[in-house]
Structures are given as C-alpha cells and as structure tokens.
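Peer 1: How does the following fold in three dimensions:
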Amino acid sequence: IGIFIIILALHKKTGTHRFINQLPYYLLACLIILPGFVTTVRSQAVTYVFFTLWILWLEGLRNRTKHFWLLPVTMIFWANIHGGFLAGIGLLFMYGAGELLNGRKSYRFFLLGALCALVTLLNPYGITYWKYILEAVAMERPFILEWGTYQVWGARPDQIAFIILFVVMVASFAHRKFVSNKQIDWVRLIVVGTTLILAIRHGRHLVFWGISTIIFCFEDFIDLQNTLSEKFDKHITRFNLENVKKKVSRMMVIAVYFLTISSLLIQTVGVPLRMTVPAHKYPVKAIEFMRLNDLSGRVMVPFRWGAYTLWKLYPHSRVSIDSRYETAYPNELYIDMMNFYRAPQKLLDFSAIIKKYPPDIILTLPGTENHRRLKALDDWRQVYEYKYAAVFLPSTDPRRSWLIPHENFTDMTTKYCQSLSAKISKRQCPY
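Peer 2: Now for the predicted structure:
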C-alpha cells in the first residue's frame, strides 16, 4: 500500500496521474510487486518502500536541490534495517550516470552516493557491517529458489504479468523514440534496464524492476495509449467512445470495491480466514510426533523446514539451519547442510556432517538419497515415517513404543511449547 501511494503521488506530481482510466495498469503492477511480499512481512519490504520513495525524491532533485538531505537521513535508518540499502546507493549512481549522458549536471548524485555510503557506517558494527554485506552480495545461493534465475515463461500470475509489462515497456520506449520523437531519458533507460537484468539473474529482484517500470514507463504508456485511441477513433466513429470508457472505468471501480468489501466481510462477519500449513511442504506430522512423545533438543533439518520447526518448537528445540541462513549462521554450516540434504553424494564422509554438528533428532524427506544413507547408518534409527517426512533418533535411545499422530492430523498453527513437560523445558540444547 505504501509503495502504491508513493507511485500515485509521483504520477500526480508529473501530471500523468489517471488512476481511474489506468486501473488495469496498476492491477498489472500489483501482480509484479506482490511476490516480494509473500508469506510474511520481511525486512526486505522496507527496502522496496525506500527504493520507491527515493525515486520520488530523486525525480524532484533532478530539477532542484531542495530536500536533498532526506536521502542521507533515511539511509541511516535503511542501512540499520535491511542490507538492501545497496539498492539506494546504486540508484544514486544510476541517476548520476543517466544525467551525465543526458548532458545535465550529474556531480550532485555522485556526491550524494558517496555521502550515503559514508553514513551507513552509523550502525552497531561500524565498518565490519560492510564486510558482511559484501560477503552476502558475493555469496552463491544455488539452493535458494528466490536467488535463482527468474523463470520468465510460465502460467503463474507474476510470470504472465512480467511478459505483459515487458511488452508495455518495450512498446512505450519505442513509441517515445520513433513516433513521438522525444529525447531518450537515459536515467529512465538505465534504471529500468539495470533492474531488468538483475530481475532475470535473481528472481528476488523482480520487485525492483516492477517498481521502476511502473514509474518510468507510465508517461510513455499514456502517450502510446492516446495514439492508439486516436487511430481507433478515426476508424470507428459510430460509437460514443467517451461513454464507453466511462462505463468500463465505472465497472472496474465497482469490481475493485466489491472484491475489497467482500474480502473484509468474509474475514469479519463470515468465517475468518485462517492460515494453514501445506502438509506436503512441511513436516507437519513429524513435529506432531515429536510433541506427542516429548522429543526436543538439537534438530537437524532441511533448509526449507528450519523456520517452521523453530516456530513450532522454540525455545525447547534448536534447528541446524533456517531461512535466515547467512544472517544467523556461518556460510560453512549453510553449505554443509545443503550438501548433506540436497547433494550427499558430494560428501566424502556422509556421517562426518553429523559428527561435526551433533544433533539429538534428524528430520528428512523419505525417498531421497539423504534418507537412504541415514537408514544405512548404525548409529541412527528411524522411529517414524510418513509420506512427507521421517524422524531419526540415536540408536542408543532406549524407547521402542511411540505415540503416532492421527492420519488426518492437520496443523492449525498451534505452538507446542506449552505442551512439553517441565523436565524437557529446562533442557539446554543450543546448536
């Protein structure tokens, strides 16, 4: 919501704001931006808001120097909230390069970039923070889907929206250059082009391209739309197009309000929407098995299951890895866990990982190479297995009878900390 408020303010400021008539354009933008906010509110959402806000301020700065101090001031907060502050510094240098190619004064953007980089040192870690940031930027993440190459072709809403918005982008820039004969704005071209390359290389950066395209292509898109409308008017004169446009726009507004109000009524008056955990993606029954049998301690888990396991069992259990990876865990541990679960054939000694990070419990996915190798170890035995997860305990555990979760058990978001016995709750099990 914050991002779209800023975008609407920018379009209104540039005199190209047509919210009602351009509603489909904004709905298309939603499909591109929303994947960046999936599942939970993450700190990267702050980066997306600041990125949009900075474009608003930088567009104003191109014509005057007023309020330039807002950039280094907000950078202090940005750098202390999320490592994505690099996008802000990059934005300043892209503006500088673009204005240089436009033949305009560009030095102030480069100076602001240097100043903003300097104020990032105002953090609890000082210059060491930059060491972490540079390591995080250069870090390979071959097993993390959002850091992989963006798959352009597909049937997901964001993929369809990407193709449509890409066509809109190319058509708008082409119309500006070859039909309107307007001068190319190198700032827009550099920002949109750079974010497009980053988005294709790493899907996580798709939001930056979406925001840039929505902002910078809108004016040219309106010109293109007006040109097409004029040609359409010449060929079809028996329709009252203005009335048609008004009716279509009114219907769209009514549809948006209807969907919004219906959603609110469902959540307040009707049956409240509840978050459910997909059992085929997370070890729902395995965690329930641990709860029923008072199992806790150091839990070795696949990367994808770490956050869920920690959420359900903290503080009585710790996990080997979770989705925070380099933020909370050494890169060596991250690589070891990924190879242990995803590529055990690469390990010279499979059991060496278990000795290096000794767990009390191991969770794994049945049917995998990791599962097969665990079953072959003498020091570990499988105590529970169902379609989506298996639980291993040390062979020295004397118990031979277990309580098994009901076959129709589903996770309704209940935490289990309160269910564990007092004896277990006092157990120390840091990883």
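Peer 1: only C-alpha atoms for contact and neighbour calcs from this point on.
Peer 2: OK.
Peer 1: What ranges does the stretch 51-200 of the chain have for its helices?
Peer 2: Listed in chain order, the helices found in the stretch 51-200 of the chain under DSSP state H, counting those that start in this stretch are 70-81, 86-101, 107-119, 128-138, 157-174, 186-201.
Peer 1: Would you mind pulling the contact partners of the fifth one?
Peer 2: If I follow you right, that is helix 157-174. Helix 157-174 is touched from outside by 28-29, 31-32, 35, 151-154, 213, 217, 220-221, 223-224, with contacts defined as C-alpha atoms under 8 Å, 6 or more residues apart in numbering.
Peer 1: Where strands are concerned, which of those residues count?
Peer 2: With strands defined by DSSP state E, no entry of those lies inside them.
Peer 1: Mind jotting down where the helices sit in the stretch 201-350 of the chain?
Peer 2: Counting by DSSP H, counting those that start in this stretch, residue ranges of the helices within the stretch 201-350 of the chain are 206-216, 218-235, 241-268, 284-292, 306-313, 331-342, 350-356.
Peer 1: rank these by mean pLDDT and give me the bottom one.
Peer 2: Set side by side, the helices of the stretch 201-350 of the chain give their lowest mean pLDDT on helix 241-268, at a mean of 60.
Peer 1: hmm, back to that, buried members of the contacts of helix 157-174 into ChimeraX, please.
Peer 2: In ChimeraX, a selection of the buried entries from these looks like this (16 or more other C-alpha atoms under 10 Å):
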select :28,29,31,32,152,213,217,220,221,223,224
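Peer 1: And the contacts of helix 157-174, which is closest to Tyr125?
Peer 2: Within the contacts of helix 157-174, the smallest distance to Tyr125 is 31.3 Å, found for Pro35 (C-alpha to C-alpha).
Peer 1: hang on, the earlier thing: so which of the helices of the stretch 51-200 of the chain comes closest to Trp305?
Peer 2: Proximity of those to Trp305 was assessed by C-alpha to C-alpha; the nearest stretch is helix 128-138, lying at 21.8 Å.
Peer 1: Can you list the buried residues in that closest one?
Peer 2: Counting neighbours by 16+ other C-alpha under 10 Å, one finds that the buried residues in helix 128-138 are Tyr129, Ile133.
Peer 1: Also stretch 334-351?
Peer 2: If you call a residue buried by 16+ other C-alpha under 10 Å, then stretch 334-351 has these buried ones: Tyr334, Asp336, Met337, Met338, Asn339, Phe340, Tyr341, Arg342, Pro344, Phe350.
Peer 1: Lys177: which of the contacts of helix 157-174 is nearest?
Peer 2: Nearest to Lys177 among the contacts of helix 157-174, with distances taken as C-alpha to C-alpha, is Asp220, at 9.8 Å.
Peer 1: measure that closest one to Ile33 for me?
Peer 2: From Asp220 across to Ile33, the span is 20 Å (C-alpha to C-alpha, to the nearest Å).
Peer 1: Ala9 now?
Peer 2: In this structure, Ala9 and Ile33 are 17 Å apart, going by C-alpha to C-alpha.
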